[in-house]
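[1] from the sequence below, what's the structure:
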Amino acid sequence: MNNKSIGLLIVFFLFISLNAFCQPFGIEFGMSLDRVRQVSRTTPQNVETDWYRITPPNTHELFEEYYVQIHPTYGVYHIRAVSRTIVTNRHGAELIAQFDNIARMLERTYGNYLRRNRLNPESIFTDSQYFMYTLQNGDRELIAFWDREEGSRMPDNMADIVLSAEVTRLGLNGYLILAYYSINADRIEEEQASVF
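    Predicted coordinates for the structure are as follows:
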């Protein structure tokens, strides 16, 4: 194999890697609803104005619900995955462990991120046994952000990624939400706000 063939082979593999890198769960930003129908393993269900519940081509064992937000002009601009319920204790140990595990996986692909485990300084529930209680009541947040400002390796078509820990309605257990935002998300929000 000559140098030119090796060079072409490297470019080909880089193209394949970059293409996979830009498609969370096998969904690419900009896809039309028709294209999402073609790649989804189930028929997309319209759950709200421009939100569709789908089963993407690639799934992760922790996540059980997947949604895309689709604009008529810009196509898919928001991808969201919701985890199954994570049984945890009052300290949130299992929820935090799953959060950190997913954050490490994302870090391998996207690099640097900001992890924020912040408790409202005015909260009187500062002991770790109140982790789930304060998370449920909005006194605490456990969030990770990937974006260019944090030095993350973002594909050209992706603005940011947000991983957040949430609490179930009864407050006994938790779940994770993983959201990817297209660079068009802000533009679409501005368009929608401009009508007021």
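[2] mind listing what the closest residue in space to residue 29 that isn't next to it in sequence touches?
    Nearest residue to residue 29, sequence neighbours excluded (Cβ to Cβ, 6 or more residues apart in numbering): residue 182, at 4.1 Å. To be clear about C-beta, it is placed using only N, CA and C from the backbone, and glycine gets the same treatment. Counting by Cβ atoms under 8 Å, 6 or more residues apart in numbering, residue 182 makes contact with 29-30, 74, 76-78, 157-159.
[3] I'd like to know which of the residues you listed are buried.
    If you count burial by 16 or more other Cβ atoms under 10 Å, the buried members of those come out as 29-30, 74, 76-78, 158-159.
[4] you'd agree residue 29 is up against residue 71?
    No: taking contacts as Cβ atoms under 8 Å, residue 29 lies outside contact range of residue 71: 10.5 Å.
[5] shared neighbours, the two?
    Both residue 29 and residue 71 are in contact with 77, 184, where contact means Cβ under 8 Å, 6+ apart.
[6] switch the contacts of residue 182 over to JSON lines; also include pLDDT.
    JSON lines is the format used below for the contacts of residue 182 (pLDDT from 0 to 100):
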{"residue": "29", "pLDDT": "97"}
{"residue": "30", "pLDDT": "96"}
{"residue": "74", "pLDDT": "96"}
{"residue": "76", "pLDDT": "98"}
{"residue": "77", "pLDDT": "97"}
{"residue": "78", "pLDDT": "97"}
{"residue": "157", "pLDDT": "95"}
{"residue": "158", "pLDDT": "96"}
{"residue": "159", "pLDDT": "96"}
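[7] out of the residues you listed, list just those in strands.
    Residues of the contacts of residue 182 located in strands (DSSP state E): 76-78, 158-159.
[8] list the buried residues of the helix or strand that residue 34 is a member of.
    Assigned by DSSP states H and E, residue 34 belongs to helix 33-39. In terms of neighbour count (16+ other Cβ under 10 Å), helix 33-39 has its buried residues at 33, 36, 39.
[9] save those as CSV, and put in distance to residue 128 too.
    Shown next, in CSV, are those (distance: Cβ to Cβ, whole Å):
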residue, distance to residue 128
33, 45
36, 42
39, 43
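[10] looking at the residues you listed, which one is closest to residue 23?
    Of all these, residue 39 has the smallest distance to residue 23: 9.5 Å, by Cβ to Cβ.
[11] thought residue 58 was touching that closest one, still the case?
    No: counting by Cβ under 8 Å, residue 39 stays clear of residue 58, with 9.9 Å between them.
[12] shared neighbours, the two?
    By Cβ under 8 Å, 6+ apart, residue 39 and residue 58 have these common neighbours: residue 26.
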